[in-house]
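Colleague: Kindly generate the corresponding structure for this input.
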Amino acid sequence: GQCLPSLQHLTEAERRPAKSPRHFNLQPPPPTQDSPPLTLVCCHTSNGALSLAVHPSWAPVGAKHFLDLVRDDYFKTDTPFFRTSTDKKS
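Modeller: Modelled structure (predicted):
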């Protein structure tokens, strides 16, 4: 698979998620006038491409740190990158 080519390819639910069990039933904070824009990051994994939409309004410090690592090519090495899921099917 390939990564999404741009933010325009995100669904409305991906751009502006609402409270749901997927988000531990928390309402993600809405972006404000001062919020940095969403950033789309493409990760090439052993299981294929993974598109990540980074929402700085949710966690400004964590988003900045992650994007700094991406810009510094930290993940271009053999750095393990994985996700966890409570979904028993994945």
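
Colleague: for the chain, which helix is longest?
Modeller: Under DSSP state H, the helix in the chain containing the largest number of residues is helix 60-71.

Colleague: ok, residues contacting that helix?
Modeller: Under the contact criterion C-beta atoms under 8 Å, 6 or more residues apart in numbering, helix 60-71 has outside partners Pro36, Thr39, Val41, Val54, His55, Pro56, Phe75. (C-beta placed from N, C-alpha, C; glycine too.)

Colleague: So which bits of that helix are buried?
Modeller: Ala63, Phe66, Val70 (16 or more other C-beta atoms under 10 Å).

Colleague: any chance of those in a markdown table, with distance to Leu4 and pLDDT too?
Modeller: Formatted as a markdown table, these follow (distance: C-beta to C-beta, whole Å; pLDDT from 0 to 100):
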| residue | distance to Leu4 | pLDDT |
| --- | --- | --- |
| Ala63 | 18 | 92 |
| Phe66 | 17 | 93 |
| Val70 | 15 | 91 |
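
Colleague: In three-state terms, label Leu52 for me.
Modeller: strand (DSSP: H, G, I helix; E, B strand; the rest coil).
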